[in-house]
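J.: Let's see this in three dimensions:
(chains A and B)
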Amino acid sequence: MISLVGSREDGRRGAAGLPSQETKVVGSTLLKRGFAHMLKHGVIMDVTNAEQAQIAEDAGAVAVMVLDKLPYDIRKAGGVARTASLSAIYEILKTTTIPVMAKCRIGHTYEARVLEDAGVDMIDESEVLTPADEERHIWKWDFTTPFVDGARDLGEALRRIEEGAAMIRTKGEPGTGNVAEAIKHVRVVNAEVARLRAFHSAGDTQELLKTAREMRVAYELALETAKLGRLPVVNFAAGGIATPADAAQMMQLGCDGIFVGSGIFKSEDPAERARAVVLATTFWDDSKTVAEAQRMVDERKSLLGMDSKQTDLRMQERGAQL
Amino acid sequence: MGIQGDIEEHVRAIAQAMEEEGVHGETTMLKTPESVDLADGVVIPGGESTVMGYLASTNGTLTRLRQRIAEGLPALGTCAGAIALSARVEDRVVGPTKQPLFGVLDATVRRNAFGRQRESFETAVSIPKLGEKPFRGVFIRAPVVSSVGEGVEVLSRLDEGIVAVQQRNILATCFHPELSGDTRLHRHFLSLAR
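T.: Okay, here's the model as predicted:
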């Protein structure tokens, strides 16, 4: 059984009790969070077309994420970044057997509706695109399609779960090829979970409640996190992962899996790199295999990247205060 | 098999089933051929069958597991695990797939048979062999068994399709008993391993 904390099922979906043999319940919290559980220990790769999606599938990706421009190119192009072209999404849906995800802008309910209608398996409400609502995220409980949202700390993650996110990815700094921010955000979440857990083990309900208020999250979510000793939904690392060793490092920090954005298809050896990153993610606890994976790529062909402290556009800050 | 998917949910379900049955045992992540040799049973979890098959074939785990299951090692496969165990696989949208398989279960499986995640569903599933009480069937981008060979017992049907089968030491379900909190299938698997 998986955690269903905070679930807001309406009568339409009727998830309490066992459904009858004549009914098929869709869009329940168990189905949405359960879908994310199937991705665990895997790599989700950003792709812009069907050829890249095929390379990702052949390399052992658990899912692909469709964008018109990779985060690195979004940074270079400037302007407003919106959800991907539907023609690209349909083409990838038709040719790919693994799950297909796509990004919508933060707070843009109708962009998400369009993606749900297209039939994507998961929607990423993403700071990589230009936020559409500067005050609110999407109310995700109303959708049948599950959502993944970004977070830099535990409070942000639990606020997104309260809005209905079925999966979290720590944000990192997308499109930089610099893993430092990804590592920082996972460390912050881990440290905050450990703090809640310590309050709970000490029976200090008041401190747990005070911390939940500071984080602006519901007490029941903070309590469940403290009891579980981890986020109540699947958590992947993202934002700056470029090499097999980067992937292994994120898995060692306790992530359930990883997203690779620009790191693969902005490198000069995408097919080998995709396979190598998958190998290093699965066998992260065996340094020999990680070394073998790292040998499959050539550092001179890595995304050059940029210093995430010097970039003008800090994607991770988008939506963080909400 | 601890390569990809909802491994931890199966570890918990097996632990619970062992407690209920009063059986002592350990669970371990099978990722290498050497670890396979130590096992008295294997669970192939839900996840992506293409990923599991490919990764298990990179270091010899697939070959070793295939051999041991064929020799009688009890195996439980759920969803992607059921696909991986089967001899023949096709995808609803793209047709025949060339993914690596264990191929030990004499069955043809259709991937994503009910549709995409939007069409994933929960319903009551009846498995007469395991009692009258229906299962909570959690079907996530689920496959369906479209045909089986002679030595395969059909445990459950849904609509026109087969959703749970047993072939001697091999159990396979198209849904996820590890997500439902009902341990009857895991207990049945333990009985095969004893």
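
J.: tell me what the helix ranked longest in chain A is packed against?
T.: Counting by DSSP state H, the longest helix found in chain A is helix A:180-201. If you count contacts as 3 or more C-beta pairs under 8 Å, 6 or more residues apart in numbering or on different chains; DSSP states H and E, helix A:180-201 packs onto helix A:154-162, strand A:167-170, helix A:205-214, helix A:219-228, strand A:234-237, helix A:244-252. C-beta: built from backbone N, CA, C; applies to glycine.

J.: Could you take the ones you listed and lay them out as CSV, with extra columns for distance to residue A:199, mean neighbour count and mean pLDDT?
T.: Putting the helices and strands packed on helix A:180-201 into CSV (distance: least, C-beta to C-beta, whole Å; neighbours: other C-beta atoms under 10 Å in any protein chain shown; pLDDT from 0 to 100) gives the following:
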stretch, distance to residue A:199, mean neighbour count, mean pLDDT
helix A:154-162, 13, 25, 98
strand A:167-170, 21, 28, 98
helix A:205-214, 4, 15, 98
helix A:219-228, 6, 19, 97
strand A:234-237, 21, 25, 98
helix A:244-252, 26, 23, 97
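
J.: Look at the residue nearest the centre of chain B and tell me its secondary structure.
T.: When C-alpha atoms, centre = their mean is applied to chain B, the residue found nearest the centroid is residue B:77 (1.1 Å). Using DSSP: H, G, I helix; E, B strand; the rest coil as the criterion, the local structure at residue B:77 reads strand.

J.: Would you confirm that it contacts residue B:69?
T.: No. Distance between residue B:77 and residue B:69: 9.7 Å, which falls outside the contact criterion (C-beta atoms under 8 Å).

J.: Now do the shared contacts for these two.
T.: B:85, B:170 (C-beta atoms under 8 Å, 6 or more residues apart in numbering or on different chains).

J.: so residue B:140 sits right up against residue B:47, yeah?
T.: No. Look at residue B:140 against residue B:47 with C-beta under 8 Å: they stay out of range, at 10.2 Å.

J.: Spit out the residues that contact the two alike.
T.: Common neighbours of residue B:140 and residue B:47 (C-beta under 8 Å, 6+ apart) are A:38, B:79.

J.: Do a quick rundown of the helices in the chain.
T.: Reading this off chain A. So, for chain A - with DSSP H - the helices run A:29-37, A:50-59, A:71-77, A:86-95, A:109-118, A:154-162, A:180-201, A:205-214, A:219-228, A:244-252, A:262-265, A:270-282, A:287-295.

J.: switch to chain B, that's the one I care about
T.: Going by DSSP H, chain B shows helices at B:7-21, B:33-37, B:49-58, B:61-70, B:80-85, B:184-193.

J.: Report all helices and strands that the lowest-mean-pLDDT helix or strand in chain A contacts.
T.: Within chain A, no helix or strand scores below helix A:71-77, which has a mean of 88 by mean pLDDT, DSSP states H and E. Helix A:71-77 is packed against helix A:262-265, with contacts defined by 3+ C-beta pairs under 8 Å, 6+ apart.

J.: Report how many residues lie close to residue A:184.
T.: 19 (other C-beta atoms under 10 Å in any protein chain shown).

J.: quick one: low-confidence parts of the chain?
T.: In the absence of a named chain, chain A is used. A:10-17 (pLDDT under 70).

J.: Actually, chain B is the one I wanted.
T.: Within chain B, no stretch falls below the threshold (pLDDT under 70).

J.: For it, identify the residue most remote from the centre.
T.: Chain B, farthest from centre, C-alpha atoms, centre = their mean: residue B:22 at 23.4 Å.

J.: Point out the residues in the stretch 201-322 of chain A that sit beside chain B.
T.: A:278, A:279, A:282, A:283, A:286, A:289 (C-beta under 8 Å from any C-beta of the partner chain).

J.: switch the cut-off to 7 Å
T.: For the stretch 201-322 of chain A, the contact set with chain B under C-beta under 7 Å from any C-beta of the partner chain comprises A:279, A:282, A:283.

J.: list the contacts for the second one?
T.: Think residue A:282. Contacts for residue A:282 (C-beta atoms under 7 Å, 6 or more residues apart in numbering or on different chains) come out as A:41, B:3, B:4, B:55.

J.: for the first one, same thing?
T.: Residue A:279 sits next to A:244, A:289, A:293, B:58 when contact means C-beta under 7 Å, 6+ apart.

J.: Put together JSON lines for those residues, with distance to residue A:4 on each row.
T.: Shown next, in JSON lines, are the contacts of residue A:279 (distance: C-beta to C-beta, whole Å):
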{"residue": "A:244", "distance to residue A:4": "35"}
{"residue": "A:289", "distance to residue A:4": "35"}
{"residue": "A:293", "distance to residue A:4": "36"}
{"residue": "B:58", "distance to residue A:4": "36"}
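
J.: Just the closest of those residues to residue A:156, please.
T.: residue A:244 (28.4 Å; C-beta to C-beta).

J.: so the closest one touches residue A:276, yeah?
T.: Yes. Taking contacts as C-beta atoms under 7 Å, residue A:244 lies within contact range of residue A:276: 4.4 Å.

J.: In contact with the residue in the stretch 51-200 of chain A that chain B sits nearest to, which residues?
T.: Nearest residue of the stretch 51-200 of chain A to chain B (C-beta to the nearest C-beta) works out as residue A:121 at 3.8 Å. Contacts here follow C-beta under 7 Å, 6+ apart; on that basis residue A:121 touches A:99, A:100, A:101, B:116, B:117.

J.: try residue A:145
T.: So residue A:145 contacts A:116, A:120, A:122, A:123, B:117, B:118 (C-beta under 7 Å, 6+ apart).

J.: What is the neighbour count of the second one?
T.: Counted by other C-beta under 10 Å, the residues lying close to residue A:120 total 28.

J.: and the residue nearest to it when sequence neighbours are not counted, what is it in contact with?
T.: Counting by C-beta to C-beta, 6 or more residues apart in numbering or on different chains, residue A:120 lies nearest to residue A:102, which is 4.7 Å off, once chain neighbours are set aside. Listed by C-beta under 7 Å, 6+ apart, the contact set of residue A:102 reads A:65, A:66, A:83, A:84, A:89, A:115, A:120, A:123, A:124.

J.: what's the neighbour count on residue 42?
T.: In the absence of a named chain, this looks at chain A. Quick note: residue A:42 (other C-beta under 10 Å) scores 27 neighbours.

J.: Can you look at chain B instead?
T.: When neighbours are counted by other C-beta under 10 Å, residue B:42 comes out with 21.
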